[in-house]
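Participant: Build me a model from this:
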Amino acid sequence: MTLEGSRETYVPLEIDDQCILRRAELTVHNYLKNVQVIRKMSAPYGVRTYFFWQPAIQKSRKQLSVSEMDIVQYPEPWNRNKNHNQIINRCVPAVWDAADRVLEQHGIVPLTSLFDTMTDDLFLDWNHLTPRANKLIASACARAVTKDYLATDLPDTAERVAQINS
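Facilitator: Next up is the predicted model:
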């Protein structure tokens, strides 16, 4: 079925390995296209953009808590369909693996290993984080932005913006 106004066609998820790998590559490619659009829209105005890739429980090397182990077994707890949950557990790592190969070359900050040394509950479900995890991510983002900001020659940046806007 084709979504109205879209050139994309929805195809039901197949679960063979080749299909999963192809869809993972397409997902990351689509993300990178969105990043490119945002950068092109913001650059003329002198707006700096930052992109971050968050950790995923299926790819985490942290010591999982009991509740996090349950999340891995049943990523969607309301859906106890074992096959559906197995598909999620195969698809998410495939997307993160595809992203890992290209993130840094596109200036995207990978936060995928941020939780590796933590032991407390940080995942609420397969794609949502606890308030503490969000705070850790926010701090990591702030550090990256601050580091970039401090490395920037601000007068040149302001001058370039003024030239663009004149």
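
Participant: How many residues are close by His106?
Facilitator: Residues contacting His106 under the criterion other CB atoms under 10 Å number 14. From N, CA and C alone the C-beta is placed, and that goes for glycine too.

Participant: nearest spatial neighbour of it, skipping sequence neighbours?
Facilitator: Spatial nearest neighbour of His106, chain neighbours left out: Leu32 (5.9 Å); criterion: CB to CB, 6 or more residues apart in numbering.

Participant: same thing with Val72?
Facilitator: Ile57 (6.0 Å).

Participant: Could you do Glu68 as well?
Facilitator: Distance criterion CB to CB, 6+ apart; nearest residue to Glu68, sequence neighbours excluded, is Phe123 at 5.3 Å.

Participant: So what does the one you found look like in phi/psi?
Facilitator: Backbone torsions for Phe123, taken as degrees, to the nearest 10, come to phi -110, psi 130.

Participant: Now do the longest helix seen in the chain, average pLDDT.
Facilitator: When the chain is parsed with DSSP state H, its longest helix is helix 17-42. Confidence over helix 17-42 (mean pLDDT, whole number) is 94.

Participant: what about the strands in the protein?
Facilitator: Applying DSSP state E to the chain gives strands spanning 51-53, 108-110.

Participant: Can I get the ones you listed in CSV including mean neighbour count?
Facilitator: Below are these laid out as CSV (neighbours: other CB atoms under 10 Å):
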stretch, mean neighbour count
strand 51-53, 17
strand 108-110, 17
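
Participant: could the ones you listed go into TSV alongside distance to Asn134 and mean pLDDT?
Facilitator: What follows is the strands of the chain, written out as TSV (distance: least, CB to CB, whole Å; pLDDT from 0 to 100):
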stretch	distance to Asn134	mean pLDDT
strand 51-53	12	96
strand 108-110	16	95
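
Participant: closest to Arg22 out of those strands?
Facilitator: Across these, Arg22 has its closest neighbour in strand 51-53 (20.0 Å, CB to CB).

Participant: what are the pairing partners of the closest one, and which direction each?
Facilitator: strand 108-110 (parallel) (DSSP bridges).

Participant: Can you give the distance from the partner strand to the centre of its chain?
Facilitator: 8 Å (CA atoms, centre = their mean, to the nearest Å).
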